[in-house]
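>>> one predicted model, sequence on top.
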Amino acid sequence: MQGMRIAVPFGKSKIVTGLVYSVHQEAPKTYEAKDIHQILDEFPVVTTQQIKHWEWISSYYMCSVGEVMKAALPGAFLFASETLVSKGSKGIDELELSDQEYLICEALELHSELKVQEIMDLIQRKNVFGVLKSLLGKEAIKLR
């Protein structure tokens, strides 16, 4: 659905987050489309009105819609396997954490920052965005 965030694999281990711009059944002519690895949201995080506004901004300032989107959204909205994760400012009760969340928090006690890819390796899952989203909501981590 338009306005929802998705995770898409690039290469063997890199994952990039994107925003659904439009939904269609037409295959691209100049490149091979990637499969969606994971849908990150239950509901759109960006409205159709915002996307139309971004289109206007991109035509007025002669830049891509993607550049406007990247400037408009907080960095935590579009994380990727290269995104750096660090310990959040809020102290967390360990009993509130799932096993995977606990492993990530413990690893961040030992290392000041971890890449999302390193967290994937640590908890042995390719699909870590839900866990990171939960930790962000608890203010246990921050992204850079």
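Okay, I see it.

>>> where does this structure have low pLDDT?
76, 79, 81 (pLDDT under 70).

>>> which parts of it are helices?
Using DSSP state H, the helices of the chain run over 48-60, 65-72, 99-110, 116-123, 129-137.

>>> closest to residue 13 out of those helices?
helix 116-123 (6.0 Å; CB to CB). For the C-beta atoms, the positions are set from N, CA and C on the backbone; glycine is no exception.

>>> any idea of the angle the closest one forms with helix 129-137?
110 degrees (axes from the mean of the first three to the mean of the last three CA atoms, to 10 degrees).

>>> can you list the residues that contact helix 116-123?
With contacts defined as CB atoms under 8 Å, 6 or more residues apart in numbering, helix 116-123 is touched by 13-15, 79-83, 85, 100, 103-104, 107, 114, 126, 128, 131-132.

>>> stretch 61-68 too?
Residues from elsewhere that reach stretch 61-68 (CB under 8 Å, 6+ apart): 21, 51, 54, 55, 57, 58.

>>> give the buried subset of those residues as a PyMOL selection command.
To isolate the buried members of the contacts of stretch 61-68 in PyMOL, using 16 or more other CB atoms under 10 Å:
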select buried, resi 51+54+57+58
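
>>> dump the contacts of stretch 61-68 into JSON lines; add distance to residue 75 as well.
Shown next, in JSON lines, are the contacts of stretch 61-68 (distance: CB to CB, whole Å):
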{"residue": "21", "distance to residue 75": "19"}
{"residue": "51", "distance to residue 75": "19"}
{"residue": "54", "distance to residue 75": "17"}
{"residue": "55", "distance to residue 75": "22"}
{"residue": "57", "distance to residue 75": "19"}
{"residue": "58", "distance to residue 75": "20"}
